[in-house]
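Participant: Got a predicted structure plus its sequence, pasted below:
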Amino acid sequence: MDTTLLDDFLGYLAVERGASAHTISAYRGDLTAYTAHLDERSVSPLTATRDDVIAFMSLLQSKGMAASTVERKIAAVKSFHAYLIREGLTDVHPTVDVTLPKVPTRLPDVISVDDAMKLLSQPFPDGPVGYRDKAVLETLYGCGLRVSELTGLGLTDIDLEGGFVRVFGKGSKERLVPIAGQAVAAVQEYLTHGRPFLRAKKVSRRQDPDALFLNVRGGRLTRQAVFGIVRDYGARVGLQLHPHTLRHSFATHMLQGGAELRALQEMLGHADISTTQVYTHVDRTHVREEYLTTHPRARLR
């Protein structure tokens with residue numbers, strides 16, 4: 001298989017679109033499978049037809065892939081062919097009339113405010129790791145960060161006195177997210193009693209003097225490590241947790257507290273407000289309680 005077209009497209013994503021390494025890796029995996037499918041049909045991406053794309057989608061579905069996974073892979077194929085046309089390499093666009101599989105609406109998993117307090121108020125181990133883990137959980141929930149955003153934080157990205165964290169989100173887009181209260185206290189304690197001792201280890205070959213959150217070898221904390229921290233501390237208080245659960249809970253609890261949707265969109269780093277609007281549907285109970293306590297006719301029998 002000639003990978004030139006695919007490599008050029010991935011280069012375009014990195015250079016002109018500012019896509020992250022994680023995004024490029026996902027596109028590479030999806031499109032490698034697609035171009036291999038075309039090779040088996042003796043077809044080039046430049047001459048592929050709608051039937052070729054439909055056959056690829058049917059192949060994915062026959063493997064039992066979730067509709068959301070198939071949708072993502074076909075969306076990558078659409079972007080690839082749009083790029084080939086934009087570059088003047090072909091005038092054939094085989095995905096124009098391809099309908100993506102319907103993905104059932106799935107509301108994000110959230111925990112209650114009480115469960116969030118239970119998670120963050122539990123005893124943490126004495127020592128540098130305990131201070132770090134407390135700061136990690138407080139920052140995830142207190143700022144609504146993605147895992148990659150948290151692990152990418154540097155010392156210069158956090159302004160505890162000013163109450164802001166500089167975050168680089170999807171596509172390396174920069175935004176400022178407020179940080180306050182318990183999250184500030186936890187990060188300050190970590191910077192005083194945790195990070196200096198982890199930094200002194202100097203065992204890791206991947207030293208990063210600017211990294212905010214460090215592992216026990218003195219290197220930058222990884223995404224996998226954060227998954228483990230969230231999972232383990234959640235299990236200690238009887239919760240099944242994923243880092244994104246804390247982000248979803250941050251958003252839901254902010255709306256319940258009266259935050260405006262546009263402000264929340266900015267804090268979460270959503271390009272489209274429709275992505276943020278999903279949180280308005282998460283807690284129907286909260287909406288009903290607000291109605292019952294505020295509408296003058298709701299309390300009359």
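Facilitator: In hand now; what should we look at?

Participant: Next, count neighbours for residue 138.
Facilitator: 23 (other Cβ atoms under 10 Å). Bear in mind the C-beta positions are built from the backbone N, C-alpha and C, glycine included.

Participant: Any idea how far the helix or strand containing it is from the middle of the chain?
Facilitator: If you go by DSSP states H and E, residue 138 is part of helix 128-143. Centre-to-centre, helix 128-143 and its host chain are 18 Å apart (Cα atoms, centre = their mean, to the nearest Å).

Participant: hmm, who's touching the helix or strand that comes right after it?
Facilitator: As assigned by DSSP H and E, the chain's next helix or strand after helix 128-143 is helix 147-151. Under the criterion Cβ atoms under 8 Å, 6 or more residues apart in numbering, residues 20, 22, 136, 139-140, 167-169, 213, 220-223, 226-227, 243-244, 269 lie in contact with helix 147-151.

Participant: Please identify the next secondary structure element, helix or strand, after helix 147-151.
Facilitator: Next along from helix 147-151, by DSSP H and E: strand 158-159.

Participant: so which helix or strand takes in residue 18?
Facilitator: Residue-wise, residue 18 maps onto no helix or strand under DSSP H and E.

Participant: where does it land on pLDDT?
Facilitator: Predicted confidence (pLDDT) for residue 18: 78.

Participant: Now residue 250. Nearest residue, chain neighbours left out?
Facilitator: residue 144 (3.6 Å; Cβ to Cβ, 6 or more residues apart in numbering).

Participant: What residues does the one you found make contact with?
Facilitator: Neighbour list for residue 144: 177, 246, 247, 250, 251, 254, 267, 268 [criterion: Cβ under 8 Å, 6+ apart].

Participant: Helix, strand, or coil at the first one?
Facilitator: When you say that, I think you mean residue 177. strand (DSSP: H, G, I helix; E, B strand; the rest coil).

Participant: what helix or strand does residue 78 sit in?
Facilitator: Residue 78 is part of helix 67-86 when elements are defined by DSSP H and E.

Participant: For whichever helix or strand comes after that helix, report the contacting residues that lie outside it.
Facilitator: Remark: after helix 67-86, the chain's next helix or strand is helix 113-121, criterion DSSP H and E. Here helix 113-121 makes contact (Cβ under 8 Å, 6+ apart) with 111, 134, 137-138, 141, 182, 233-234, 237, 239, 241, 246, 249, 253, 256.

Participant: Check which residues of helix 113-121 are buried.
Facilitator: 115, 116, 118, 119, 120 (16 or more other Cβ atoms under 10 Å).

Participant: quick one: which of those is nearest residue 189?
Facilitator: residue 120 (13.2 Å; Cβ to Cβ).

Participant: Grab the most central residue of this structure for me.
Facilitator: residue 146 (4.5 Å; Cα atoms, centre = their mean).

Participant: dump the residue contacts of it.
Facilitator: 169, 243, 244, 247, 269.

Participant: tell me the domain ranges of this structure?
Facilitator: Per the record, the chain has its domains at 4-86, 113-289, by automatic domain parsing.

Participant: Any idea how many residues pack against the residue lying closest to residue 82 once chain neighbours are set aside?
Facilitator: If the residues on either side of it in the chain are set aside, residue 82 comes closest to residue 93, at 7.2 Å by Cβ to Cβ, 6+ apart. Using other Cβ under 10 Å, residue 93 has 15 other residues around it.

Participant: Residue 93 contacts residue 86, correct?
Facilitator: No - counting by Cβ atoms under 8 Å, residue 93 sits too far from residue 86 to count as a contact (10.2 Å).

Participant: Run through the stretch 201-301 of the chain and note the low-pLDDT ranges.
Facilitator: 202-207, 281-301 (pLDDT under 70).

Participant: Helices of that one, residue ranges please.
Facilitator: Counting by DSSP state H, counting those that start in this stretch, one finds helices in the stretch 201-301 of the chain at the ranges 223-236, 243-256, 261-268, 273-277, 284-294.

Participant: Point out the other helices and strands that the fourth one packs with.
Facilitator: Here helix 273-277 is seen to pack against helix 261-268 when contacts are counted using 3 or more Cβ pairs under 8 Å, 6 or more residues apart in numbering; DSSP states H and E.
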